[in-house]
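# I would like the atomic coordinates for the input below:
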Amino acid sequence: MNLYEIVFTGQLVPGAQRERVEANLAKLFQADAQRIELLFSGRRLVLKNNLDEAASEKYRSILERAGALAEKRSEEHTSELQSPSG
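Numbers count the residues shown, from 1 in each chain. All right, here's what the predicted structure looks like:
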């Protein structure tokens, strides 16, 4: 079974306003403004991992509706990128 992770880099859905997206994410994650601000640092953050395809698509879709452009990535692909080449 393939497992997936949800990755966020601070990108917004076209037309979304950052303040509104931050408020939506704060409500979704039940997090304070300081923690939400970390999501918009520009760094690649894995928000959730070890998800099956259905769960990962549901999670990505919820974030998209909140205005956050998240990416669903195969964890198999990610581990290949992180393994040392030799």
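# assign Glu71 to helix, strand or coil.
Following DSSP: H, G, I helix; E, B strand; the rest coil, we place Glu71 in the strand state.
# which strand residues bridge it?
Listed by DSSP bridges, the beta-bridge partners for Glu71 are Val7.
# doesn't Arg44 make contact with it?
No: checked against C-beta atoms under 8 Å, the pair Glu71 and Arg44 is beyond contact range at 9.1 Å. No exception for glycine: its C-beta is placed from N, CA and C like everyone else's.
# start and end of stretch 26-43, how far apart?
End-to-end distance for stretch 26-43: 18 Å, by C-alpha to C-alpha, to the nearest Å.
# and that stretch, how far out from the chain middle?
11 Å (C-alpha atoms, centre = their mean, to the nearest Å).
# re the thing from before, who touches both of Glu71 and Arg44?
The contact sets of Glu71 and Arg44 overlap at 7-9 (C-beta atoms under 8 Å, 6 or more residues apart in numbering).
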